[in-house]
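Q: sequence first, then the predicted structure:
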Amino acid sequence: MLPRKEETMKKAITCLVLKGLLLGIFSAWVSAWILRPTKFWTKLWLHLEKKTSTPAFGNTGPDIFLYSFLLILLAVLGAIYLQAHGYQDLSLAKKKVRVKLSRRLIFIRGPLGFVSAAELLTIIIFVGLMVWTLYSYVSNDFSKISPKKVLKSGNHHLWQYKLERFGVRLGYIGNLCLAVMFLPVTRGLDLLQIIGVHFEMSVKYHIWVANTMMVIYTLHGVCFSVVWGSRNSLLKELTRWDRTGRANLPGVIALLSGIIMWLTSIKPIRRKFFELFYYTHHLYVVFTVFSSLHINDRHFCTVLSGIFLFLLDRFLRFLQSGRTVKILSARILPCKAIELTLSKHPDLKYISTSVILLKIPVISRLQWHPFSITSSSSVDKDRISVMIKCQGEWTERLYNFIYASHLSKTRTVSLSAAVEGPYGPDSNYFLSQAYSHKDF
C-alpha cells in the first residue's frame with residue numbers, strides 16, 4: 001500500500017512541476033510578443049543579436065530561441081505531461097472542468113457563430129495585442145518622420161511615406177496571426193489535448209485567425225499598391241525581386257495564393273464545392289514558401305515554430321492514414337443516407353459526436369472527408385459506425401457504388417478505407433495506441 005502511495009505522490013509532483021514549466025514557458029512566449037514593439041525591447045534585442053551572432057544563424061539566434069524554440073519545447077513538455085498524467089485521467093479532469101464552465105458560458109449568435117465566455121475573452125486579448133502592437137509601431141515610426149527620410153524612401157509626399165510605413169506594420173501584425181494560425185489545425189498536438197480543444201473547436205479557431213490574417217495581409221498589399229500606383233511604378237515594384245533587400249514578387253504570389261484559399265473557403269462555396277475548397281487549400285504550401293521568401297529571416301523565425309509543428313503533425317497523420325481498415329458493412333438508409341461500419345481496435349476510446357476523416361480509394365485516392373461517429377466505444381468494442389448524407393459529388397459516387405453493389409449482390413465487405421482520427425473531446429489520441437493494419 002505504501003509503495004503505491006509513494007508512486008501516486010511522485011506522479012502528482014511530476015505533473016505539478018511540468019504544469020509549472022508549461023505555464024512559465026507559455027507566459028514567456030506571450031510576453032515576448034507583448035514587449036516586441038516597445039523601444040526597450042528593441043534596444044535589448046539589438047544588443048542580444050550582436051552578442052549572439054554566429055556564422056550559421058547570423059543575428060537570428062534570439063528570435064529562433066524565444067519565438068520558435070520555446071513553443072516547440074512547450075509541445076514536447078506537453079507530450080511528457082500527458083504521458084505522466086495519463087490520457088484517461090486528463091479526459092476525466094476535462095469533463096469536470098467543462099461541467100463547471102458550462103454554467104458560466106455566454107453564447108453570442110453572430111458572424112463568429114457561437115462564442116463562449118472564455119473564447120470571447122481570448123478574442124479580446126488577441127485583438128488587444130494586435131491593436132497594441134500596431135499602435136506602438138506606427139506611433140514610433142511617425143514620431144521619427146523627417147523630410148530626409150521621406151525622400152530617402154523614394155516618396156515625394158508625406159502621405160505616401162506614412163501609408164507605406166503603415167503597410168509595413170500591417171505586415172508585422174499579419175505575421176502575428178501567421179505565428180498562431182497553424183497551431184489549431186495540428187490536431188494531434190498535445191497542447192490542444194491538455195486545454196481540451198477538440199476537432200470542431202480547432203477548426204473554428206483556425207478559421208477565425210486565418211480570416212483575420214487575410215484581411216490584414218490584403219490591406220498590407222493595398223497600402224503598397226496605392227503608394228506604388230501614385231508613383232507610377234506599380235508594375236515595376238510588383239515584379240521586383242532583389243537578391244538582397246526587397247522581394248516583392250514572392251509577396252504578391254503568397255498573397256494571391258492566400259486570397260484563392262480564402263475565397264474558396266467561404267461557407268457557401270465550401271459546402272457546395274467541397275472538392276474545389278479541398279484542392280485549393282493545398283496552396284498553403286505555395287503561401288508558406290513564398291511568404292518565407294518575402295519576409296526577412298528575422299521575422300520568419302517568429303512564425304517558424306507553428307509551421308514546423310504543423311508539418312510534424314501532418315507527417316504523423318500521414319503515417320496513420322497510410323493504413324487501411326475493413327469496411328464491415330454498408331447500409332443504404334432512407335433520404336439517400338449511408339451507414340458505414342468499420343473495424344477498430346478494442347482499446348480505441350471515443351464518444352459519439354467525435355469525428356473521423358475517411359478516404360475510400362475506390363471513390364477517390366486523394367480526397368478526405370470528415371464524418372461524425374454515430375456509435376459508442378463503450379458498446380461497440382471492435383467496430384465504429386458513421387452516417388453519411390449524400391450532399392456532394394464524392395458522397396453521390398459512394399452512394400451509387402454501394403447501391404450498385406447491393407443490386408449486383410457484390411460483397412461490400414471487401415471495401416477498405418483509410419482513416420484519420422478520431423478527434424473529439426473524449427477521444428484518446430490515436431498515436432498513443434499501437435494498432436495493426438487490420439484495425440485502427
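A: Thanks, I have it.

Q: ok, for Ile269, nearest residue in space, not its chain neighbours?
A: Phe277 (6.5 Å; Cβ to Cβ, 6 or more residues apart in numbering). Every residue, glycine included, has its C-beta placed from N, CA and C.

Q: element containing that neighbour, please.
A: Using DSSP states H and E, Phe277 maps to helix 274-280.

Q: export that helix as PDB, just CAs?
A: Provided in PDB are the C-alpha atoms of helix 274-280 (Å, rounded to 0.1, in the frame of the first residue of the first chain):
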ATOM      1  CA  PHE A 274     -16.100  21.000 -51.300                       C
ATOM      2  CA  GLU A 275     -13.600  19.500 -53.800                       C
ATOM      3  CA  LEU A 276     -12.700  23.000 -55.000                       C
ATOM      4  CA  PHE A 277     -12.100  24.000 -51.400                       C
ATOM      5  CA  TYR A 278     -10.200  20.900 -50.700                       C
ATOM      6  CA  TYR A 279      -7.700  21.100 -53.600                       C
ATOM      7  CA  THR A 280      -7.200  24.800 -53.500                       C
END
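
Q: mind listing what's buried along it?
A: Neighbour-count burial for helix 274-280, counted by 16 or more other Cβ atoms under 10 Å, picks out 274, 277-278, 280.

Q: which of those scores worst on pLDDT?
A: Ranked by pLDDT, those bottom out at Phe274, which has 80.

Q: skipping adjacent residues, who's closest to that one in space?
A: Gly392 (5.3 Å).

Q: how about the contacts made by the one you found?
A: Listed by Cβ atoms under 8 Å, 6 or more residues apart in numbering, the contact set of Gly392 reads 272, 274-275.

Q: from Ile363, how far out is it?
A: Using Cβ to Cβ, to the nearest Å, Gly392 is found at 11 Å from Ile363.

Q: for Trp208, same thing?
A: Taking Cβ to Cβ, one finds Trp208 at 32 Å from Ile363.

Q: before we move on, what about Ala32?
A: 47 Å.

Q: how about Asn155?
A: 56 Å.

Q: over to Arg331?
A: 17 Å.

Q: which secondary structure element of this protein has the lowest mean pLDDT?
A: helix 87-102 (a mean of 45; mean pLDDT, DSSP states H and E).

Q: where exactly do the strands run in this protein?
A: In the chain, the strands defined using DSSP state E lie at 324-333, 337-343, 355-359, 369-372, 383-389, 416-423.

Q: quick one: which of the ones you listed is nearest Leu66?
A: Leu66 sits nearest to strand 416-423 of all these, at 30.8 Å, using Cβ to Cβ.

Q: quick one: the closest one to chain centroid distance?
A: Per Cα atoms, centre = their mean, to the nearest Å, the displacement of strand 416-423 from the mean C-alpha position of its chain is 20 Å.

Q: could you check the angle it makes with strand 337-343?
A: If you take axes from the mean of the first three to the mean of the last three Cα atoms, to 10 degrees, strand 416-423 sits at 90 degrees to strand 337-343.

Q: quick revisit: who has more neighbours, Arg331 and Ile363?
A: Ile363 (21 against 14; other Cβ atoms under 10 Å).

Q: I figured the more buried one hits Tyr399, correct?
A: No. The pair Ile363 and Tyr399 fails to qualify as a contact (Cβ atoms under 8 Å) at a distance of 10.0 Å.

Q: Leu283: neighbour count?
A: Leu283 - counted by other Cβ under 10 Å - has 17 other residues nearby.

Q: ok, for it, nearest residue in space, not its chain neighbours?
A: Nearest residue to Leu283 in three dimensions, chain neighbours excluded: Ser257, at 4.3 Å (Cβ to Cβ, 6+ apart).

Q: my read: that neighbour touches Phe290, true?
A: Yes. Assessed by Cβ under 8 Å, Ser257 is found in contact with Phe290 at 7.2 Å.

Q: anything in contact with each of these two?
A: Counting by Cβ under 8 Å, 6+ apart, nothing touches both Ser257 and Phe290.

Q: in stretch 228-246, what's buried?
A: 228, 237, 240.

Q: and Val150, how far from Lys272?
A: For Val150, the distance to Lys272 - Cβ to Cβ - is 49 Å.

Q: compare the two (neighbour count), which wins?
A: Val150 (18 against 11).

Q: what's near enough to touch the nearest residue to the more buried one once chain neighbours are set aside?
A: Sequence neighbours aside, Tyr161 is the residue nearest to Val150 in space, at 4.5 Å (criterion: Cβ to Cβ, 6+ apart). Tyr161 makes contacts with 145, 149-150, 153, 155, as judged by Cβ under 8 Å, 6+ apart.

Q: picking up where we left off before, state the distance from the residue nearest to Ile269 to Val138.
A: Distance from Phe277 to Val138, by Cβ to Cβ: 35 Å.

Q: equivalent analysis for Glu49, please.
A: 23 Å.

Q: try Gly154
A: 20 Å.

Q: who's more crowded, the two?
A: Val138 (17 against 14).

Q: list the contacts for the more buried one?
A: Contacts of Val138 (Cβ under 8 Å, 6+ apart): 165-166, 169.

Q: give me the pLDDT for it.
A: Reported pLDDT for Val138: 93.

Q: kindly report the same for Phe107.
A: 57.

Q: in the stretch 201-350 of the chain, which ranges drop under the pLDDT threshold?
A: 245 (pLDDT under 70).

Q: from Ile373, how far out is the residue nearest the centre of the chain?
A: Residue closest to the average C-alpha location in the chain (Cα atoms, centre = their mean): Phe182, at 2.8 Å. Note on Phe182: its distance to Ile373, by Cβ to Cβ, is 26 Å.

Q: thank you, goodbye.
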